[in-house]
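Participant: Here is my input; please provide its structure:
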Amino acid sequence: MRYFKFFFAAMILFFGTVSGGCDILPFDSSSSETGERVVAICFPNTTPSWQRNGDSLQKLLEEENFKVNIQFAGNIDEQKKQVAEVLETHPNCIVIGAIDSDAFAETLEKAKEYQIPVIAFDRIIKGTDAVSYYASFDNDAIGEGMGLYIEAALDLKNGKGPYNIELFAGGPTDNNAHIFFKQTMAILEPYMKTGQLVVRSGQKTFDEVAVADWNAENARPRIREIMTKYYADQPLQVVLSPNDNIAGVLLDEIKKAGKPAPLISGLDGDPEAFERIKAGQQTFTIGKDPDVLTAKCVRMIKAVVEGTQPDINDVTTYDNGVIIVPAYLCTPQIIDKTNVK
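Facilitator: Residues are numbered from 1 along each chain as shown. Coordinates of the predicted model:
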């Protein structure tokens, strides 16, 4: 497992002894004609972390004397419209946090025509060669880290169990959600086969457990039904939650069902999750520090606007169906009661 050493180092604090980029060509644009350096940012507003990322990115870019045009969208149609419109203003670079990874091939043809660099932020954009670079956290490491933490916390390697577990995954249109779930299940599924982990609902596939649009409220009816049908007289001991916002809703419904908080995962490092960890409600989150990713993205933006090669550390992983997108992948951090601030 490529990431075992990184995650094991974090887990041991808690458990002790437990048990190549494409060159960007110069382009003729209205922003360059006016002497301004303009960066367009098109992000979702589907989770609080996107707002934090956007605010951080805007602040850092403005400190570097860029003019920033930032927009947030609640659905893919709105976001595609925003991207199409902002491309017509000829920014020096556009940064997109895609609501739907598969939806931008046609829209980004204008970026190619106008020779506008496109940076995919956090989520890869698929089906087009218009994407210049990808800035994200290491998605494989995130999914694997969730699985390794649960494995160690329950001492599954030493045969402990059985434990009742229920699974939730992120939005189906987000490529990252599929990666997280695949990597986590690669670690947990063998224990389901041995009977050490028991999914009483029987819902184990990504399609069965995905939460539409990463909207936490979309998870509420399902967990409510699960608690009523399968855990009226049984303990729910583990919940795989794909992010912190969803974890909050799941914990709320589990509490309403009269059950104690299970071992439950999270992702993003939301302030609310930190408070739940301190209170002994949420077990851990995987932090995606917005300052780390946005700082790296700003350096990437400066490089492409100035015509130099940005830092990249992955040129093999992110095949978007047309090209392999050069990427810089930041390292996530496990946060639990041992290191939460």
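
Participant: okay, CA-based contacts and neighbour counts for the rest of this
Facilitator: OK.

Participant: part of a helix, is R222?
Facilitator: Yes: assessed with DSSP: H, G, I helix; E, B strand; the rest coil, R222 lies in a helix.

Participant: Let me know the pLDDT of it.
Facilitator: R222 is assigned 98 on the pLDDT scale.

Participant: Equivalent analysis for G20, please.
Facilitator: Confidence for G20, expressed as pLDDT, is 35.

Participant: How about the one 3 residues further on?
Facilitator: For D23, the pLDDT comes out at 37.

Participant: so how many other residues sit close to M192?
Facilitator: By other Cα atoms under 10 Å, the residues close to M192 number 18.

Participant: and if you look at E64?
Facilitator: Neighbours around E64, by other Cα under 10 Å: 12.

Participant: do P162 as well
Facilitator: Neighbours of P162 (other Cα under 10 Å): 16.

Participant: how near is the nearest residue to it once chain neighbours are set aside to A295?
Facilitator: Nearest non-adjacent residue to P162, counting by Cα to Cα, 6 or more residues apart in numbering: Q196, 4.1 Å away. According to Cα to Cα, to the nearest Å, Q196 stands 42 Å off from A295.

Participant: cool, and E166?
Facilitator: Taken as Cα to Cα, the span from E166 to A295 is 36 Å.

Participant: Neighbour count: these two, which is higher?
Facilitator: E166 (22 against 15).

Participant: State the pLDDT value of that one.
Facilitator: At E166, pLDDT is 98.

Participant: what about it, distance to E113?
Facilitator: With Cα to Cα as the criterion, E166 and E113 are 47 Å apart.

Participant: cool, and Y149?
Facilitator: For Y149, the distance to E113 - Cα to Cα - is 46 Å.

Participant: which sections of the stretch 1-150 of the chain are below the confidence cut-off?
Facilitator: 1-34 (pLDDT under 70).

Participant: All the helices of it, residue numbers only.
Facilitator: All helices of the stretch 1-150 of the chain, identified by DSSP state H, counting those that start in this stretch, fall at 4-15, 30-33, 48-63, 76-87, 109-114, 139-153.

Participant: For my notes, please list those helices in JSON lines and give mean neighbour count for each entry.
Facilitator: Below are those laid out as JSON lines (neighbours: other Cα atoms under 10 Å):
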{"stretch": "helix 4-15", "mean neighbour count": "15"}
{"stretch": "helix 30-33", "mean neighbour count": "14"}
{"stretch": "helix 48-63", "mean neighbour count": "17"}
{"stretch": "helix 76-87", "mean neighbour count": "17"}
{"stretch": "helix 109-114", "mean neighbour count": "16"}
{"stretch": "helix 139-153", "mean neighbour count": "23"}
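
Participant: Distance to A261 added to those, as TSV?
Facilitator: As requested, these are exported to TSV (distance: least, Cα to Cα, whole Å):
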stretch	distance to A261
helix 4-15	18
helix 30-33	53
helix 48-63	23
helix 76-87	35
helix 109-114	48
helix 139-153	15
